[in-house]
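1. build me a structure from this.
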Amino acid sequence: MGTFFDFIIEHISQFLQFTAFANMTFGHVIMICIGLVFIYLAIAKEFEPMLLIPIGFGILVGNVAFAPGFKIGVYETGSVLNYLYFGVLQGIYPPLIFLGIGAMTDFSALISNPKLILIGAAAQLGIFGAYCIALALGFSPTEAGAIAIIGGADGPTAIFLSSKLAPDLMGAIAISAYSYMALVPVIQPPIMRLLTNSKERLIRMKPPRAVSKVEKIIFAIAGMLLTTFIVPSGLPLLGMLFFGNLLKESGVTKRLADTAKGPMIDIVTILIGLTVGASTQATTFLTLKSVGIFALGAGSFIIATTGGVLFVKLLNVFLKEGRKINPLIGNSGVSAVPDSARVSQVVGLEYDKTNHLLMHAMGPNVAGVIGSAVAAGILLSFLM
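-> I've put the predicted structure just below:
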């Protein structure tokens, strides 16, 4: 009888050793709480729910503690999560997302007013500013380059670049990039109000001119050739972005464009969000470097927003009355499409209920998508 009870107790004890309760650490609890916060912000506040719910749930999945050897963790070779994470590690998912972004993007506002591309370029100041700060803080050049791209507020580009330059920091970089993308409506408005005066906020811009189908097709082809000739290392992102746009604008590949901007980008978003979230296992994620990356990401995002707004103010010095640009659209030079453009619209309407800035803000916003990919290519070209 005693032997039977000993047998039962031994196996119960063995079973308990393999539960998450036995393997849980305080770090896992912290990360689970962070995952719950992401899900709360997505559902209650509607902050980028398409991103934060997959990432938040992925954080929960990645921080259910387990004993090693069962091939269930994202970092365990042969596990299902590891196979899904392969698309992140090898930079496969980001170009597919750029294909979908291209298929849903209308470049008309940028084509009708080409000088708006300068605002998108100016907002990339956040990337290169963060790069210098990261170097000063002791990060290696490749780590600094991967961290800096957070300033572009472009999650796929951040994943693509970090997969090449600093794979070990990818989880922290991706989480930071997507977090600041989601917090665009919170972070940007105070900076925009601080850097503009009441007169500047009321500037009215001329309506964008109508752009022909031929112009849009030429832009897709010429844009790809020009940007990739300058920065060939950005070809995976830029090529797919303009290819998706050509599918949309050609008018003869509607099914392909609909697939790219619909089911395909949705599937890839689910996979990238879940696996990036799962990669934040407390045992590998909770480090001083991760905290530093999050702080640097905030700094780079603030620099990018500031650079965009101040550049518009500088540009207005050289523009005649009636052709000046409302500096409230300077924030939209970052790559968070279309959220930063919506912020321009919302803040502008606070000061003039009839001054709609959304269409104007979409110009620098889509320029920011191109700019962040070009910046990633530049960093790759001299850091690889």
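2. now do the same for F7: its pLDDT.
-> With respect to pLDDT, F7 scores 66.
3. same question for H11.
-> pLDDT recorded at H11 is 66.
4. scan the helices and strands of the chain for the one with the lowest mean pLDDT.
-> helix 2-17 (a mean of 70; mean pLDDT, DSSP states H and E).
5. next secondary structure after that helix?
-> The first helix or strand that comes after helix 2-17 along the chain, using DSSP states H and E, is helix 20-23.
6. for the next helix or strand along the chain from that following helix, packing partners?
-> Reading on from helix 20-23 to the C-terminus, the next helix or strand found by DSSP H and E is helix 26-44. With contacts taken as 3 or more C-beta pairs under 8 Å, 6 or more residues apart in numbering; DSSP states H and E, helix 26-44 sits against helix 49-62, helix 170-182, helix 282-285. In short, each C-beta sits where N, CA and C put it, glycine included.
7. turn these into a markdown table, columns for distance to Q188, mean neighbour count and mean pLDDT.
-> As requested, the helices and strands packed on helix 26-44 are exported to a markdown table (distance: least, C-beta to C-beta, whole Å; neighbours: other C-beta atoms under 10 Å; pLDDT from 0 to 100):
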| stretch | distance to Q188 | mean neighbour count | mean pLDDT |
| --- | --- | --- | --- |
| helix 49-62 | 17 | 22 | 93 |
| helix 170-182 | 10 | 26 | 85 |
| helix 282-285 | 27 | 18 | 82 |
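8. measure M50 to I270 for me?
-> 9 Å (C-beta to C-beta, to the nearest Å).
9. and for V231?
-> According to C-beta to C-beta, V231 stands 30 Å off from I270.
10. now the phi/psi pair for R209, please.
-> The phi/psi pair for R209 (degrees, to the nearest 10) reads phi -70, psi 160.
11. what count of nearby residues applies to G120?
-> Counted by other C-beta atoms under 10 Å, the residues lying close to G120 total 27.
12. now do the contacts for the closest residue to it other than its chain neighbours.
-> The shortest distance from G120 to any non-neighbouring residue, by C-beta to C-beta, 6 or more residues apart in numbering, is to A367 (2.7 Å). Applying C-beta atoms under 8 Å, 6 or more residues apart in numbering to A367 gives the contacts L110, L116, I117, I119, G120, A121, G333.
13. which of the three states applies to A367?
-> Secondary structure, DSSP: H, G, I helix; E, B strand; the rest coil: A367 is helix.
14. that older thread, quick one: which of the helices and strands packed on helix 26-44 is nearest I92?
-> helix 170-182 (13.3 Å; C-beta to C-beta).
15. distance from the chain centre to the lengthiest helix in the chain, please.
-> With DSSP state H setting the assignment, residue counts place helix 288-317 as the longest helix in the chain. Computed by C-alpha atoms, centre = their mean, to the nearest Å, the chain-centroid distance of helix 288-317 equals 14 Å.
16. and it, which residues are buried?
-> Buried residues in helix 288-317, defined by neighbour count with 16 or more other C-beta atoms under 10 Å: 289-290, 292-294, 296-313, 315-316.
17. quick check: angle from the helix or strand just after it to helix 288-317?
-> Next along the chain after helix 288-317, taking DSSP H and E as the criterion, comes helix 339-351. If you take axes from the mean of the first three to the mean of the last three C-alpha atoms, to 10 degrees, helix 339-351 sits at 50 degrees to helix 288-317.
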